[in-house]
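Undergrad: Here you go, sequence then predicted model.
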Amino acid sequence: MKVLLINGSPREKGCTFTALSEAAASLVNNSIEIEIFHIGNRPVYGCAACRSCRETHRCVYDGDCSNELAEKMLAADGIIIGSPVYYAGPNGALCALLDRAFFSSQKELFAYKPAAAAVSCRRAGSTAALDRIIKYFTIANMTVVGSSYWSMVHGNTPEEVRKDLEGMQIMRRLGENMAFLLKTIQAGKATVSPNAPEVSVATNFIR
């Protein structure tokens, strides 16, 4: 079993990476394979609403990591998305990539996959940022993994984040909960299969 941890910060080894690494350590201790994927700090495309991905299941823009990210998310057994908090929300580049990765993919392939969010902030805006990320999971029929508190850490530097003892504990518990759910799903597959979802209905309220 493998969990993909997405570092949605432009800084590869910053506060978000520190938080994700703590969750990753718990996963490794539970014999779960991990990969930390850094989105980088290069410019990314926003969705142009061309809808060509409805046929190809790939974003037409191949100049950034959105298609690679989508492939890795679909291949993983579980996903943890981490982001710094900017203006009470996740990093805009991360949201642009996730918009395209989720919209271009075959949504039913995400169904029942465990997913979690983790954010890093100096002071405030963390719960709003978490809510934004979790919305990707709930629209894709995924299972949201929680912790012992909202999955956030506080600090301006990795050193400060490590001093957030509660935040570090929350990250460790997030990894433990993800590992437990993955093992539970694996054990249950021998006896339980999910029901096939209904065909999606899109209702237009304009008449």
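TA: It's in.
Undergrad: Going by C-alpha atoms from here, please, whenever you check contacts or count neighbours.
TA: Will do.
Undergrad: which residues does the residue most central in space within the chain bridge with?
TA: Centroid-nearest residue in the chain: Ile81, 2.7 Å away (criterion: C-alpha atoms, centre = their mean). In this entry, Ile81 is beta-bridged to Ile6, Ala117, by DSSP bridges.
Undergrad: Can you give me the separation between it and Ile39?
TA: Using C-alpha to C-alpha, to the nearest Å, one obtains 11 Å as the distance from Ile81 to Ile39.
Undergrad: so which strand or helix has Ser120?
TA: Element membership of Ser120, judged by DSSP states H and E, is strand 114-121.
Undergrad: How far away from the center of its chain is that strand?
TA: 6 Å (C-alpha atoms, centre = their mean, to the nearest Å).
Undergrad: any idea of the mean pLDDT for it?
TA: Computed over strand 114-121, the mean pLDDT rounds to 98.
Undergrad: do the same with stretch 180-192
TA: According to the model, stretch 180-192 has a mean pLDDT of 93.
Undergrad: Any buried residues in that stretch, and which?
TA: Buried residues in stretch 180-192, counted by 16 or more other C-alpha atoms under 10 Å: 181-182, 185.
Undergrad: got it, and stretch 137-145?
TA: Buried residues in stretch 137-145 (16+ other C-alpha under 10 Å): 137, 140-145.
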